[in-house]
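Enquirer: I'd like to go over a predicted model; first the sequence, then the structure.
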Amino acid sequence: MTNQTIRHDGLDAVREQVAAAEKAAGRPAGSVRLIAVSKTFDADGIRPVIAAGQRVFGENRVQEALAKWPALKAETPDIELHLIGPLQSNKARDAVALFDAIHTIDRDKIARAIAAEIARAGRSPRLLVQVNTGAEPQKAGVLPEDTDAFVERCRSVHGLAIDGLMCIPPVEEAPAPHFALLAKIAARLGLASLSMGMSADFETAIAFGATDVRVGSAIFGTRPPIAT
Ligand SMILES: *Cc1c(COP(=O)(O)O)cnc(C)c1O
């Protein structure tokens, strides 16, 4: 992975920006996990990024991920796959089997289904709770004021080890206050991971303590407008 010889313009540029942002924030090199968001791109679009050394990928739909990642993982076994999109409880089995991290735990029904599946499968992805920092009605996630109680219920009622928080700031707002809010909630809950920052704002997110940045178009190029 470190002996990268095959170049990929998008990936290489983002890696350099992540390294520069870590340095500017006074954070150790390599402290931010770069998740390459490959949604809408098929295996032929993803393979060059794998060839350039990237191993951590994100998808927002369970069905789409199931259609392309088992084959890609067979080719490259040390892939780490993250679910960053909404999860239905009837997909909990597939999600726990396929993903190494799930960023979108946001209600009791999902927490319960994931807990049952972890117990059944004997396999536990890293789990993050999605927070709707902008309190947008159409957006998934628990409200900021409900986050402490929800994380506590995940732990005590469902027995889930919650590792961190995730947010997607409102598109029309400056992201920094949302990143600051997420970091503040995580700090008071003693949560280590902060999944925040996308192509347009991952450097800002790193300045606010992001441990996981989710970067799609800056690596892969513009997605077809239809299936986001
Ligand atoms: C698509 C997506 C991303 C990546 O978005 P870009 O702007 O292409 O970097 C990040 N997070 C989530 C939840 C997404 O759905």
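Expert: Happy to help now that I have it.

Enquirer: how about the residues of the chain near the ligand?
Expert: 37, 39, 60, 84-85, 168, 198-200, 214-218 (CB under 6 Å from any ligand atom). Heads up, the C-betas are built off the backbone N, CA and C, glycines and all.

Enquirer: which of those lies closest to residue 99?
Expert: Taking CB to CB as the measure, residue 99 sits nearest to residue 84 out of the residues of the chain next to the ligand, at 9.6 Å.

Enquirer: what subset of the residues of the chain next to the ligand is buried?
Expert: 37, 39, 60, 84-85, 168, 198-199, 214-216, 218 (16 or more other CB atoms under 10 Å).

Enquirer: in strands, which of those residues appear?
Expert: If you go by DSSP state E, these have 37, 214-215 in strands.

Enquirer: turn those residues into TSV, columns for pLDDT.
Expert: Output for those, formatted as TSV (pLDDT from 0 to 100):
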residue	pLDDT
37	98
214	98
215	98
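
Enquirer: quick one: which of these is nearest residue 52?
Expert: residue 215 (14.0 Å).

Enquirer: what sits against that closest one?
Expert: 14, 34-37, 197-199, 202 (CB atoms under 8 Å, 6 or more residues apart in numbering).

Enquirer: so which bits of the helix or strand harbouring residue 153 are buried?
Expert: Here residue 153, judged by DSSP states H and E, is contained in helix 147-156. By neighbour count with 16+ other CB under 10 Å, helix 147-156 contains the buried residues 147, 150-151, 154.

Enquirer: residue contacts, the residue positioned nearest the centre of the chain?
Expert: The centroid of the chain falls nearest to residue 84 when counting by CA atoms, centre = their mean (4.7 Å). By CB under 8 Å, 6+ apart, the contact set of residue 84 is 35, 37, 58-60, 103-104, 166, 195, 214.

Enquirer: tell me the phi and psi of it?
Expert: Torsion angles at residue 84 (phi, psi; degrees, to the nearest 10) stand at phi -120, psi 0.

Enquirer: any idea how far it is from residue 110?
Expert: In this view, residue 84 and residue 110 are 14 Å apart by CB to CB, to the nearest Å.

Enquirer: can you pull the pLDDT of the residue nearest to residue 207 when sequence neighbours are not counted?
Expert: Spatially, and ignoring its direct neighbours in sequence, residue 207 is nearest to residue 25 (4.9 Å; CB to CB, 6 or more residues apart in numbering). In this model, residue 25 is scored at 98, pLDDT.
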